[in-house]
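In: This is a predicted model, with the sequence first.
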Amino acid sequence: MNEETHYHVLKYIEENPSITQRELAKELGVSVGKANYCLKALIDKGWVKANNFKNSNKKLAYFYILTPRGIEQKAIITVNFLKRKIKDYKELREEIEMLKNELKIDDTE
């Protein structure tokens with residue numbers, strides 16, 4: 001599981017602690033099996049804790065919470081994610097300028 005996936009899973013869990021694995025899979029655009037794998041990996045790392053509770057509408061549901069270590073790791077991952085996105089943005093901006101110069105497009109008109 002890469003750092004970007006960690007970021008998205010931790011973000012969704014923090015915002016929606018009662019998210020189901022099916023909902024998480026939909027949010028991430030992955031299979032339910034992969035969502036389960038991601039959650040299990042974060043639980044094994046000690047970043048997420050899963051508590052089960054009984055609900056009249058569902059036989060068994062889980063409530064996911066970030067552990068203190070998970071909150072710390074999410075902050076570190078978020079900083080790295082932001083740095084990577086800023087770098088990508090700068091590179092894209094440079095490429096756009098190069099293409100505009102190549103095609104002699106002046107967008108100040």
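Out: Thanks, I have it. Residues are numbered from 1 along each chain as shown.
In: Going by C-alpha atoms from here, please, whenever you check contacts or count neighbours.
Out: Will do.
In: Identify each buried residue in the top helix by length along the chain, please.
Out: Using DSSP state H, we find that the single longest helix of the chain is helix 68-102. For helix 68-102, the neighbour count (16 or more other CA atoms under 10 Å) marks 70-71, 73-74, 77-78 as buried.
In: Tell me who's in contact with the closest residue to Arg22 other than its chain neighbours.
Out: Nearest-residue entry for Arg22: Val32, 5.5 Å, with adjacent residues in sequence omitted and distances by CA to CA, 6 or more residues apart in numbering. Listed by CA atoms under 8 Å, 6 or more residues apart in numbering, the contact partners of Val32 are 21-22, 24-25.
In: Next one: Val32 from Leu24, what distance?
Out: 8 Å (CA to CA, to the nearest Å).
In: Could you do Leu39 as well?
Out: From Leu39 to Leu24 the distance is 9 Å (CA to CA).
In: Please apply the same query to His8.
Out: 10 Å.
In: and the two? which has more neighbours close in?
Out: Leu24 (23 against 17; other CA atoms under 10 Å).
In: and the closest residue in space to the more buried one that isn't next to it in sequence, what is it in contact with?
Out: Leaving aside its sequence neighbours, Leu24 sits nearest to Ala35 (CA to CA, 6+ apart; 6.4 Å). By CA under 8 Å, 6+ apart, Ala35 lies in contact with 21-22, 24-25, 28.
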